[in-house]
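Visitor: model this:
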Amino acid sequence: MASSLTCAGIVWAFLSFLCAAASCVGFFMPYWLLGSQLEKSVSFGTFRRCSYPVRDESRQMTVMVEQCGRYASFQAIPSAEWRICTVVTGLGCGLLLLVALTALMGCCVSELISRTVGRVAGGIQFLGGKWSCGWEMGVSR
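Guide: So this is what the prediction gives:
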(Lines give C-alpha, C1' and ligand atoms only; values in the text may rest on other atoms or scores of the structure.)
Protein backbone atom coordinates (compact mmCIF):
# COMPACT_ATOMS: atom_id res chain seq x y z
CA MET A 1 0.00 0.00 0.00
CA ALA A 2 1.42 3.30 -1.05
CA SER A 3 0.63 6.40 0.94
CA SER A 4 0.55 10.03 -0.06
CA LEU A 5 1.01 11.08 3.59
CA THR A 6 4.14 11.73 5.61
CA CYS A 7 4.53 10.28 9.11
CA ALA A 8 2.97 13.46 10.53
CA GLY A 9 0.10 13.07 8.06
CA ILE A 10 -0.53 9.50 9.15
CA VAL A 11 -0.61 10.56 12.81
CA TRP A 12 -2.97 13.42 11.83
CA ALA A 13 -5.23 10.95 10.01
CA PHE A 14 -5.55 8.62 12.98
CA LEU A 15 -5.97 11.44 15.50
CA SER A 16 -8.57 13.03 13.22
CA PHE A 17 -10.51 9.79 13.14
CA LEU A 18 -10.36 9.41 16.94
CA CYS A 19 -11.50 13.01 17.47
CA ALA A 20 -14.30 12.69 14.91
CA ALA A 21 -15.49 9.48 16.57
CA ALA A 22 -15.40 11.12 20.02
CA SER A 23 -17.36 14.13 18.71
CA CYS A 24 -20.00 11.91 17.12
CA VAL A 25 -20.38 9.78 20.25
CA GLY A 26 -20.75 12.95 22.32
CA PHE A 27 -23.33 14.28 19.88
CA PHE A 28 -25.44 11.11 20.03
CA MET A 29 -25.30 10.64 23.81
CA PRO A 30 -28.07 12.30 25.84
CA TYR A 31 -25.92 13.25 28.82
CA TRP A 32 -25.18 16.93 28.13
CA LEU A 33 -27.37 18.22 30.95
CA LEU A 34 -28.14 16.23 34.06
CA GLY A 35 -30.77 17.00 36.70
CA SER A 36 -33.88 15.74 38.38
CA GLN A 37 -37.58 16.19 37.76
CA LEU A 38 -40.48 14.66 39.67
CA GLU A 39 -37.87 13.09 41.97
CA LYS A 40 -36.31 11.16 39.05
CA SER A 41 -32.88 11.58 37.49
CA VAL A 42 -33.15 13.10 33.99
CA SER A 43 -30.65 13.93 31.26
CA PHE A 44 -30.81 15.23 27.71
CA GLY A 45 -28.73 16.31 24.78
CA THR A 46 -29.58 18.15 21.60
CA PHE A 47 -31.91 15.52 20.18
CA ARG A 48 -32.00 12.68 22.72
CA ARG A 49 -33.32 12.54 26.27
CA CYS A 50 -33.57 10.09 29.16
CA SER A 51 -36.34 9.94 31.78
CA TYR A 52 -38.71 12.59 30.49
CA PRO A 53 -42.20 13.65 31.58
CA VAL A 54 -45.27 12.98 29.45
CA ARG A 55 -48.91 13.78 30.04
CA ASP A 56 -51.05 10.66 30.68
CA GLU A 57 -54.51 11.76 29.54
CA SER A 58 -56.26 8.66 30.86
CA ARG A 59 -55.13 9.38 34.44
CA GLN A 60 -55.00 13.18 33.96
CA MET A 61 -51.47 13.45 35.37
CA THR A 62 -47.85 13.77 34.31
CA VAL A 63 -45.78 10.59 34.49
CA MET A 64 -42.08 9.97 33.94
CA VAL A 65 -41.03 7.75 31.07
CA GLU A 66 -37.85 6.09 32.34
CA GLN A 67 -36.12 5.29 29.06
CA CYS A 68 -33.89 7.06 26.57
CA GLY A 69 -35.04 8.12 23.14
CA ARG A 70 -35.14 10.82 20.50
CA TYR A 71 -37.64 13.61 20.41
CA ALA A 72 -40.80 12.70 18.50
CA SER A 73 -40.12 15.40 15.91
CA PHE A 74 -37.66 18.17 15.21
CA GLN A 75 -40.20 20.68 16.55
CA ALA A 76 -40.37 18.74 19.85
CA ILE A 77 -36.81 19.82 20.69
CA PRO A 78 -37.33 22.27 23.60
CA SER A 79 -36.15 25.55 22.04
CA ALA A 80 -35.01 27.15 18.80
CA GLU A 81 -31.48 27.41 20.18
CA TRP A 82 -31.36 23.66 20.81
CA ARG A 83 -32.70 22.99 17.30
CA ILE A 84 -29.96 25.19 15.82
CA CYS A 85 -27.42 23.45 18.02
CA THR A 86 -28.59 20.06 16.78
CA VAL A 87 -28.19 21.06 13.13
CA VAL A 88 -24.88 22.87 13.54
CA THR A 89 -23.33 20.18 15.73
CA GLY A 90 -24.53 17.45 13.36
CA LEU A 91 -23.00 19.28 10.40
CA GLY A 92 -19.76 19.75 12.34
CA CYS A 93 -19.58 16.06 13.16
CA GLY A 94 -20.29 15.22 9.54
CA LEU A 95 -17.44 17.47 8.36
CA LEU A 96 -15.08 15.94 10.91
CA LEU A 97 -15.97 12.44 9.75
CA LEU A 98 -15.58 13.41 6.08
CA VAL A 99 -12.08 14.77 6.63
CA ALA A 100 -11.06 11.88 8.91
CA LEU A 101 -12.21 9.20 6.47
CA THR A 102 -10.56 11.00 3.55
CA ALA A 103 -7.32 11.22 5.56
CA LEU A 104 -7.51 7.51 6.41
CA MET A 105 -8.00 6.72 2.72
CA GLY A 106 -4.91 8.84 2.06
CA CYS A 107 -2.95 6.37 4.19
CA CYS A 108 -3.77 3.63 1.68
CA VAL A 109 -4.06 5.38 -1.69
CA SER A 110 -1.10 6.99 -3.36
CA GLU A 111 -1.43 10.60 -4.54
CA LEU A 112 -4.82 11.11 -2.91
CA ILE A 113 -3.81 13.95 -0.62
CA SER A 114 -1.58 16.73 -1.93
CA ARG A 115 -0.30 19.67 0.07
CA THR A 116 -3.23 21.82 -1.09
CA VAL A 117 -5.81 19.12 -0.31
CA GLY A 118 -4.23 18.70 3.14
CA ARG A 119 -4.53 22.43 3.83
CA VAL A 120 -8.14 22.53 2.63
CA ALA A 121 -8.93 19.45 4.74
CA GLY A 122 -7.34 21.14 7.75
CA GLY A 123 -9.53 24.20 7.19
CA ILE A 124 -12.65 22.06 6.87
CA GLN A 125 -11.60 20.18 9.99
CA PHE A 126 -11.18 23.47 11.84
CA LEU A 127 -14.71 24.52 10.85
CA GLY A 128 -16.12 21.13 11.79
CA GLY A 129 -14.41 21.25 15.17
CA LYS A 130 -15.54 24.81 15.76
CA TRP A 131 -19.14 23.91 14.89
CA SER A 132 -19.25 20.66 16.82
CA CYS A 133 -17.60 22.04 19.97
CA GLY A 134 -18.02 25.81 19.94
CA TRP A 135 -21.79 26.06 19.53
CA GLU A 136 -22.65 23.99 22.61
CA MET A 137 -20.53 26.25 24.78
CA GLY A 138 -22.61 29.25 23.74
CA VAL A 139 -25.95 27.47 24.22
CA SER A 140 -25.20 25.86 27.56
CA ARG A 141 -24.16 29.08 29.30
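
Visitor: list the contacts for residue 41?
Guide: Applying CB atoms under 8 Å, 6 or more residues apart in numbering, we find residue 41 in contact with 34-35, 51. Where you see a C-beta, it was placed from the backbone N, CA and C, and this is true even at glycine.

Visitor: swap that for residue 51, please
Guide: So residue 51 contacts 37, 40-43, 64-68 (CB under 8 Å, 6+ apart).

Visitor: thinking residue 68 is in contact with residue 30, fair?
Guide: Yes - at 5.7 Å, residue 68 counts as touching residue 30 under the criterion of CB atoms under 8 Å.

Visitor: centroid residue for the chain?
Guide: residue 27 (3.0 Å; CA atoms, centre = their mean).

Visitor: was I right about that one contacting residue 21?
Guide: No - taking contacts as CB under 8 Å, residue 27 lies outside contact range of residue 21: 10.7 Å.

Visitor: quick one: secondary structure of residue 42?
Guide: At residue 42 the chain is in strand, as set by DSSP: H, G, I helix; E, B strand; the rest coil.

Visitor: Perfect, I'm done here.
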